[in-house]
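> heads up, no residue letters with this:
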């Protein structure tokens with residue numbers, strides 16, 4: 001069989017495997033607060049989240065996919081080597097997802113994928129194969145790695161700030177409310193949790209859609225970078241199946257270990273995260289759902305009782321955020337060194 005076809009098939013399988021690990025790794029982001037606040041049972045939460053995770057990538061457009069597919073330029077490499085770069089990056093990102101899931105740490109699948117792609121691309125030849133975008137940023141244009149990094153940096157800050165302000169406002173609005181308001185807040189979470197799941201699917205599944213479309217373009221199966229419908233369906237399905245598998249280790253971290261979550265906290269976190277992530281998706285900015293959800297919980301806790309926020313656990317999460325990019329870049333580079341004799 002043609003080695004190009006073999007590599008495309010292997011890498012396509014790796015894309016869907018990454019999408020699956022992304023789903024069960026990040027499922028916790030959508031269900032943690034709704035379970036912690038007892039608005040839904042785990043079964044109800046996973047069912048609602050699964051449905052809207054599937055709809056997100058189908059209805060959310062392809063702006064994020066275009067960004068992910070455009071920050072590495074592998075067109076001038078030999079076809080087999082360029083496919084090997086993508087395959088190595090995917091294996092490195094999957095390894096990091098599994099490691100952080102096993103440790104119960106809500107790290108960023110987005111960081112892992114971006115870091116691994118950059119590490120593998122630089123190892124393949126030179127950094128000329130990475131569209132860094134820093135010169136364009138100085139000229140007021142957002143593109144390449146600079147756009148990705150800016151989105152990943154600003155999104156948790158927005159999550160913290162919006163969560164802080166929203167919770168302050170609603171605490172003021174509900175200051176004279178009776179305890180029975182919690183029942184209405186739990187019901188409202190069916191809407192906000194669905195919105196968060198939709199926004200997560202719209203943003204995260206598009207990353208895999210972008211990589212799979214890039215593979216098809218490099219392999220000569222597409223004339224230009226345009227996401228086919230079957231790619232959307234395949235990535236949406238893989239992420240939904242992963243979501244239904246659940247990521248209960250991370251649920252405990254986000255739902256209980258950062259701040260004690262009650263119905264109002266959960267509602268505010270879900271609404272904040274859904275708005276921030278969906279806005280980023282429409283702008284074509286790949287963001288980390290893990291970062292946005294965790295930072296929104298920190299912002300909400302800080303607006304109410306800063307001393308009750310478990311800053312030690314928050315610091316552990318922040319450290320993982322910092323480590324993920326270089327660690328996944330090293331993983332992608334290492335995997336390419338292993339695969340290189342087979343793809344040259």
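That came through fine. A quick note: this is a predicted structure, and the numbers were derived from the prediction, not measured.
> could you point out the longest helix in the protein?
helix 181-218 (DSSP state H).
> mind listing what's buried in that helix?
If you call a residue buried by 16 or more other CB atoms under 10 Å, then helix 181-218 has these buried ones: 182, 185-186, 188-189, 192-218. For the C-beta atoms, the positions are set from N, CA and C on the backbone; glycine is no exception.
> which other residues reach stretch 142-158?
Outside stretch 142-158, the residues that touch it by CB atoms under 8 Å, 6 or more residues apart in numbering are 67-68, 70-71, 108, 110-111, 114, 118, 130-134, 136-137, 276-277, 280, 283-288, 291-292, 294-295, 321.
> which regions of the stretch 1-150 of the chain sit below the pLDDT cut-off?
Low-confidence segments of the stretch 1-150 of the chain, defined by pLDDT under 70: 1, 25-30, 104-106, 126-128.
> switch to 90 and redo it
Where the stretch 1-150 of the chain drops to pLDDT under 90, the residues are 1-8, 18-79, 82, 95-114, 122, 124-150.
> ok, which stretches of it are helices?
For the stretch 1-150 of the chain, the helices defined by DSSP state H, counting those that start in this stretch cover 3-36, 42-59, 63-68, 79-102, 109-124, 134-138, 144-173.
> Filter the contacts of stretch 142-158 down to just the buried residues.
Among the contacts of stretch 142-158, those classed as buried by 16+ other CB under 10 Å are 67-68, 70-71, 108, 110-111, 114, 118, 130-133, 137, 276-277, 280, 284-288, 291-292, 294-295, 321.
> Among these, which lie within strands?
In strands, judged by DSSP state E, none of those are found.
> who touches the nearest residue to residue 274 once chain neighbours are set aside in this structure?
Nearest non-adjacent residue to residue 274, counting by CB to CB, 6 or more residues apart in numbering: residue 195, 3.9 Å away. Going by CB under 8 Å, 6+ apart, residue 195 touches 52, 270, 271, 274, 278.
> who touches the closest residue to residue 109 other than its chain neighbours in this structure?
For residue 109, ignoring the flanking residues on the chain, the nearest one in space by CB to CB, 6+ apart is residue 22 at 4.4 Å. Neighbour list for residue 22: 97, 109, 204, 205, 207, 208, 239, 242 [criterion: CB under 8 Å, 6+ apart].
> Look up how far residue 319 lies from residue 12.
Going from residue 12 to residue 319 by CB to CB, to the nearest Å gives 34 Å.
> for residue 228, same thing?
Note on residue 228: its distance to residue 319, by CB to CB, is 39 Å.
> Residue 74 now?
According to CB to CB, residue 74 and residue 319 sit 32 Å apart.
> Comparing these two, which shows the higher neighbour count?
Taking other CB atoms under 10 Å, residue 74 and residue 319 do not tie; residue 74 has more neighbours (23 against 12).
> thought the more buried one was touching residue 129?
Yes. Residue 74 is within contact range of residue 129, at 5.8 Å (criterion: CB atoms under 8 Å).
> what sits in contact with each of these two?
Common neighbours of residue 74 and residue 129, using CB under 8 Å, 6+ apart, are residue 121.
> quick one: average confidence on the longest helix of the chain?
The average pLDDT within helix 181-218 is 88.
> that older thread, need the helices of the stretch 1-150 of the chain in TSV (columns: distance to residue 262).
Converted to TSV, the helices of the stretch 1-150 of the chain look like this (distance: least, CB to CB, whole Å):
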stretch	distance to residue 262
helix 3-36	9
helix 42-59	16
helix 63-68	33
helix 79-102	27
helix 109-124	28
helix 134-138	41
helix 144-173	11
